[in-house]
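J.: pasting the sequence and the predicted coordinates here, then a few questions.
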Amino acid sequence: MRNFLLAVSMLMLIACNLTTAGVHPSTTATNTGPSSGASVTATSLTESSNPSGADSGPVITYVPGSTVKLEQLLGEEDKQLHQPTLSQTFTRYGIQGTDLGYSFENNGLIYFLFGDTVGQLGKALDTIATTDATDPEKGVRLDFLTVGKDYLTVQPPGISMGAFETPIGGISIGGQMYVTVRTNHAADWSTDRAVLTKFTLPDTFQPLRTMSQAPAGHFLTMSVHAETGPIDGLPAGGPFIYIWGTGTYRKSDAYLSIVPSANFESGQGTLYYAGSNAAGLPTWSQNESDAQAIVKNGTMGDISVTWSKDLRLWLMTFDSRPPAPAGIEFSYSRTPWGPWSNPQIIFNIVRDGALGKFIHDPKANPNDGLAGPVIGAGTANPEAVMGGSYAPYVVERWTKVQGSQLDLYYTLSTWNPYVVMLMKSQIQIK
């Protein structure tokens, strides 16, 4: 009996120690998420929802299985549904397909910046569309900017805008629009540079300055947003424009720079996040070479950062690939520099059933009927071109908080078919 009581006492002591250490003795941490050949890395609730060192605030977690395609925005016919698209871009503009779709607001309209476009003008030129839609659930019709009978193309004078040279960001400041473009492309991305242009309707793009330059530049793809209000950690000289960026395409982490709004055209006073001090406040440098990553991934290409005024949080989405988790990742933070929550996969083409449904799978049997349009070398045999997912650009106007649910609406490029989808993912707020 004495031995039995000693054993019980020891077990109770062990349980007490485990509970104190944060481990409940009756549970174990297991990964029960779906697995696939697409290198999906599932993350536990604790890891995904608690940014290390973050202030207390809402915990938001992706709702598994909630991501859906709402509609195909480009082309004449929805390849999955075999129904006409709302935008009818071929009939109305001679546009078969395009990618990207970074968006910003100007004078009551959402402006979408699209990449290399398959259309009647050829030459992989870039295009711009608008919409006044306020409810994406009711459908979104895009109206492309035109010059005469042709669609407007992004061609700043003296700036090369061929294949892989595309718009990478935009913003409206005081009613004046600015479009950033990536130019001077090389196959190894060693000469690319980001250029700021001043965009004036109906068709004028005025080059202003180089914002970042390969091979060491960290802002060759970017997301741009105006300061939303005073915050500890910002230097004097504001209000600022925030610029989140990535460097070498699909081989990068995420970085942050700030520039006084009044000096956006000249770039004077640009500062780069260079880490945090012992008090947890950011340090800033005038040198881009001092920039420190705010989110580490190593495979980032396209990045989107928007503001949720309801949650008082910055929301980040980006595309990711092996050796990092494969798919579209989501993270959030109270400040532009972080700490950012551990990323959560909100979309993966296999896990979420998109491959062979609205993204082409060359191995599908029977044929999925999704091939084309395509761009570049793939035009010789569209059936052989594997589709994918990239460029998850959240449309800030459409972000909704309803009770304990956050709805994210974002554009997504699928490569084959070479079009842009409108997606929705649900996030639970705790």
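T.: Right, received. Where do you want to start?

J.: surely residue 340 is in contact with residue 297?
T.: No. Counting by Cβ atoms under 8 Å, residue 340 stays clear of residue 297, with 10.7 Å between them. Every residue, glycine included, has its C-beta placed from N, CA and C.

J.: tell me the phi and psi of residue 361?
T.: phi -120, psi 110 (degrees, to the nearest 10).

J.: what residues are up against it?
T.: Contacts for residue 361 (Cβ atoms under 8 Å, 6 or more residues apart in numbering) come out as 355, 368, 370, 386, 387.

J.: measure how buried the second one is and give me the count.
T.: Spelled out, it's residue 368. 20 (other Cβ atoms under 10 Å).

J.: pLDDT at residue 57, what is it?
T.: Residue 57 carries a pLDDT score of 77 in this model.

J.: now do the SS call for it.
T.: Secondary structure, DSSP: H, G, I helix; E, B strand; the rest coil: residue 57 is coil.

J.: from residue 83, how far out is it?
T.: 42 Å (Cβ to Cβ, to the nearest Å).

J.: what do you get for residue 270?
T.: Residue 270 is 47 Å from residue 83, by Cβ to Cβ.

J.: next one: residue 170
T.: In this view, residue 170 and residue 83 are 31 Å apart by Cβ to Cβ.

J.: between those two, which one's more packed in?
T.: Between residue 170 and residue 83, counted using other Cβ under 10 Å, residue 170 has the larger neighbour count: 24 against 11.

J.: what sits against that one?
T.: Residue 170 touches 102, 103, 104, 111, 113, 177, 178, 179, 180, 199, 224, counting by Cβ under 8 Å, 6+ apart.

J.: for those residues, pick the one with the most neighbours.
T.: That'd be residue 102 among the contacts of residue 170, by other Cβ under 10 Å, with 28 neighbours.

J.: rewinding a little: and of the contacts of residue 170, the nearest to residue 264?
T.: Checking those against residue 264 with Cβ to Cβ, the nearest one is residue 178 at 7.0 Å.

J.: residue contacts, the closest one?
T.: By Cβ under 8 Å, 6+ apart, the neighbours of residue 178 are 170, 171, 172, 196, 197, 198, 199, 208, 224, 264, 265.

J.: turn those into TSV, including secondary structure.
T.: TSV is the format used below for the contacts of residue 178 (three-state DSSP):
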residue	secondary structure
170	strand
171	strand
172	strand
196	strand
197	strand
198	strand
199	strand
208	strand
224	strand
264	coil
265	coil
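
J.: list buried residues within those.
T.: Buried positions within the contacts of residue 178, assessed by neighbour count (16 or more other Cβ atoms under 10 Å), are 170, 171, 172, 196, 197, 198, 199, 208, 224, 264.

J.: please, where are all the helices along the stretch 1-150 of the chain?
T.: 2-20, 45-49, 89-93 (DSSP state H, counting those that start in this stretch).

J.: once you drop chain neighbours, what's closest to residue 359?
T.: Of all residues not flanking residue 359 in the chain, residue 387 sits nearest, at 3.7 Å (Cβ to Cβ, 6 or more residues apart in numbering).

J.: quick one: pLDDT of the one you found?
T.: 98.

J.: tell me how many other residues crowd residue 190.
T.: 11.

J.: rewinding a little: what's the farthest-apart pair in the buried ones among the contacts of residue 178?
T.: The largest separation in these, counting by Cβ to Cβ, is between 172 and 208 at 15.1 Å.

J.: could you dump the contacts of residue 361 to a markdown table with secondary structure and distance to residue 188?
T.: Output for these, formatted as a markdown table (DSSP: H, G, I helix; E, B strand; the rest coil; distance: Cβ to Cβ, whole Å):
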| residue | secondary structure | distance to residue 188 |
| --- | --- | --- |
| 355 | strand | 29 |
| 368 | coil | 33 |
| 370 | coil | 31 |
| 386 | coil | 22 |
| 387 | coil | 25 |
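
J.: going through those, which ones are buried?
T.: Buried among the contacts of residue 361 (16+ other Cβ under 10 Å): 355, 368, 370, 387.

J.: related to what we said a few turns ago, could you identify the most distant pair in the contacts of residue 178?
T.: Maximum pairwise distance among the contacts of residue 178 (Cβ to Cβ): 15.1 Å, between 172 and 208.

J.: and the contacts of residue 170 as a markdown table, adding pLDDT and distance to residue 392?
T.: Formatted as a markdown table, these follow (pLDDT from 0 to 100; distance: Cβ to Cβ, whole Å):
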| residue | pLDDT | distance to residue 392 |
| --- | --- | --- |
| 102 | 98 | 11 |
| 103 | 98 | 12 |
| 104 | 98 | 16 |
| 111 | 99 | 18 |
| 113 | 98 | 14 |
| 177 | 98 | 23 |
| 178 | 99 | 22 |
| 179 | 98 | 20 |
| 180 | 98 | 18 |
| 199 | 98 | 24 |
| 224 | 98 | 16 |
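
J.: now, those that are in strands?
T.: Under the assignment DSSP state E, those contribute 102, 103, 104, 111, 113, 177, 178, 179, 180, 199, 224 to strands.

J.: tell me the confidence at the residue lying closest to the third one once chain neighbours are set aside?
T.: Leaving aside its chain neighbours, residue 104 sits nearest to residue 170 (4.6 Å; criterion: Cβ to Cβ, 6+ apart). What the model reports for residue 170 is a pLDDT of 98.

J.: for residue 170, name its beta-bridge partners.
T.: Taking DSSP bridges as the rule, residue 170 bridges to residue 179.

J.: what distance do you get for it to residue 378?
T.: Distance from residue 170 to residue 378, by Cβ to Cβ: 28 Å.

J.: before we move on, what about residue 354?
T.: Going from residue 354 to residue 378 by Cβ to Cβ gives 19 Å.

J.: more neighbours: these two, which one.
T.: Taking neighbours as other Cβ under 10 Å, residue 354 and residue 378 compare with residue 354 leading, 24 against 18.

J.: SS state for residue 377?
T.: helix.

J.: residues contacting residue 232?
T.: Residue 232 neighbours (Cβ under 8 Å, 6+ apart): residue 281.
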